[in-house]
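Enquirer: Have a look; sequence and predicted model below, questions after that.
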Amino acid sequence: MPKNTKQGLAVLECCQEIPCNPCTTVCRTGAIVKRALTSRPVFHPELCVGCKLCVAACPGQAIFFQIPDLGDGQAALTFPYEYLPLPQVGQEVTAVDRMGQPVCPATVQAVEQRPVYQQTALVTLSFPAEYLENVRFMKRLDREDC
């Protein structure tokens, strides 16, 4: 296991061989590389510093950031959220899987809107660690949910 998994680690689920390279362009440490413009990215976890620039840059929302152990049986996942309204820290939401199906209740731990993320908000959820491999997003909020 890479040395930095306690602090978190990027997870790449890019499965298409298309001409795309924002993740490699923003990765300052060389943790993400591509052999060719149309090849899938290769991730070197030992080089990941957890900056999350790749999460915000990926136009296909195929990169997430996981923290497998927050303590007390909880894990966390950070993903891009490009809808309005944005969730609020402390808000209870429904975590969903890759297909948008409910997985478990979750709590919003952070909503990051840094200039370096180019207008993309990154949302971090905490939830029971047993669901870490299934959770990939959250149910989209309606205006009345806020």
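Expert: Happy to help now that I have it. Numbering: from 1, shown residues only.
Enquirer: Can you measure across stretch 43-52, start residue to end residue?
Expert: Distance between the two ends of stretch 43-52: 13 Å, counting by CA to CA, to the nearest Å.
Enquirer: what pLDDT does the residue most central in space within the chain get?
Expert: Nearest to the geometric centre of the chain sits residue 64, at 2.4 Å (CA atoms, centre = their mean). Looking at residue 64, its pLDDT reads 95.
Enquirer: Likewise for residue 60?
Expert: On the pLDDT scale, residue 60 gets 90.
Enquirer: Now name the helix or strand holding it.
Expert: Taking DSSP states H and E as the definition, one finds residue 60 inside no helix or strand.
Enquirer: For the nearest residue to it once chain neighbours are set aside, the count of nearby residues, please.
Expert: The shortest distance from residue 60 to any non-neighbouring residue, by CB to CB, 6 or more residues apart in numbering, is to residue 14 (6.7 Å). Glycine gets a C-beta too; all of them are placed from N, C-alpha and C. Counted by other CB atoms under 10 Å, the residues lying close to residue 14 total 18.
Enquirer: so residue 14 makes contact with residue 40?
Expert: Yes. Taking contacts as CB atoms under 8 Å, residue 14 lies within contact range of residue 40: 5.5 Å.
Enquirer: Residue 119: helix or strand, and which one exactly?
Expert: Per DSSP H and E, there is no helix or strand for residue 119.
Enquirer: And the helix or strand harbouring residue 109, what does it pack against?
Expert: Assigned by DSSP H and E, residue 109 belongs to strand 102-112. Packed against strand 102-112 by the contact rule (3 or more CB pairs under 8 Å, 6 or more residues apart in numbering; DSSP states H and E) you find strand 74-81, strand 92-96, strand 121-128.
Enquirer: Pairing partners for the last one, with directions?
Expert: The reference is to strand 121-128. In its sheet, strand 121-128 lies beside strand 74-81 (antiparallel), strand 102-112 (antiparallel), with partners assigned from DSSP bridges.
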